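Participant: Pasting the sequence and the predicted coordinates here, then a few questions.
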Amino acid sequence: MNGAAVVGLIGMLLLVGSWIPQTVETIKKRKCPLNLGFIVIYVTASSLLTLYAYFQRDWIFFTLNFLAAFQSAINLVVKLTEK
C-alpha cells in the first residue's frame, strides 16, 4: 500500500467514524435530530459518489461513500418513520 492509499484510508476511517455516534444515537432514541433536506441530499450524493468510485475502481473512495450512504440512510429511515 502506497502513501497516498494510507492517507486515503485514514481519511476514510475518520469520516465514516464521525457518523457512528450520530447513527448509534438515532437508533437508540429512534429519533433523528438532523434536517430532512440535509439527509436526503447526503444520501443521494453519497450514493452517486459510490457509483462513480465503483466505475473508477477506487476502492477507498467506494468504501467511504458506501458506508456514508448506508449510515445516513439509517438516519433517513428513522427520520421518515419517527412520530
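Facilitator: Thanks, I have it.
Participant: List the contacts of the host helix or strand of residue 55.
Facilitator: Counting by DSSP states H and E, the element that carries residue 55 is helix 36-56. With Cβ atoms under 8 Å, 6 or more residues apart in numbering as the test, helix 36-56 has contacts from 32, 59, 61-62, 64-66, 68-69, 72-73, 75-76, 79-80. C-beta: built from backbone N, CA, C; applies to glycine.
Participant: Just give me the residue right at the centre of the chain.
Facilitator: Central residue of the chain (Cα atoms, centre = their mean): residue 68, 1.0 Å from the mean position.
Participant: How about that one: what's its closest non-neighbour residue?
Facilitator: Among residues not flanking residue 68 along the chain, residue 46 sits closest, at 4.4 Å (Cβ to Cβ, 6 or more residues apart in numbering).
Participant: what comes up buried for stretch 32-42?
Facilitator: Within stretch 32-42, the residues scored as buried using 16 or more other Cβ atoms under 10 Å are 32, 39, 42.
Participant: is it true that the first one touches residue 75?
Facilitator: In this case it means residue 32. Yes. Proximity of residue 32 to residue 75 meets the contact threshold set by Cβ atoms under 8 Å, at 4.8 Å.
Participant: Give me the common contacts of those two.
Facilitator: In contact with both residue 32 and residue 75: 26, 39, using Cβ under 8 Å, 6+ apart.
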